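Participant: can't give you the sequence, but here's the structure:
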């Protein structure tokens, strides 16, 4: 279990000693806090995505609400994993060569979903970009 904690916290390569260990212990969250943060953030992300899907059917403002809540839900879901492994390690893994295309597509679709809802007012494009967001995150 300790090895799993070290891997997820980003301390698997080499054990820090002296001052480095004190700094890491003082600035990092405990394992229980990390798990609670992950669960809370992931639950908020799922709730926002489901709420956005339900709000799609509201006349006139439904598309904008859907785009905002669905995008916020995806951002919260991505942010939830940062509690387990830390923000820098999460970003490094997202931008590894094997995940680079999926990360770029996902971030681009996040932006284009909001653009199609707020500025272009195209429901079809917003739905297409949301589907592409889903596939890019699954990839």
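Facilitator: That came in fine, so what should we check first? These figures come from a predicted structure and were not determined experimentally.
Participant: which residues does the strand or helix carrying residue 63 contact?
Facilitator: Assigned by DSSP states H and E, residue 63 falls within helix 62-85. Helix 62-85 has contacts (CB atoms under 8 Å, 6 or more residues apart in numbering) with 8-10, 29, 34-35, 37-42, 44-53, 55-56, 58, 90, 93, 106, 110, 113-114, 116-118, 121, 123, 126, 130, 133, 137. Heads up, the C-betas are built off the backbone N, CA and C, glycines and all.
Participant: among these, name the buried ones.
Facilitator: Among the contacts of helix 62-85, those classed as buried by 16 or more other CB atoms under 10 Å are 8-10, 34, 37-38, 41-42, 44-45, 48-49, 52, 55-56, 90, 106, 110, 113-114, 116-117, 126, 130, 133, 137.
Participant: count of neighbours near residue 36?
Facilitator: Neighbourhood size, residue 36 [other CB atoms under 10 Å]: 13.
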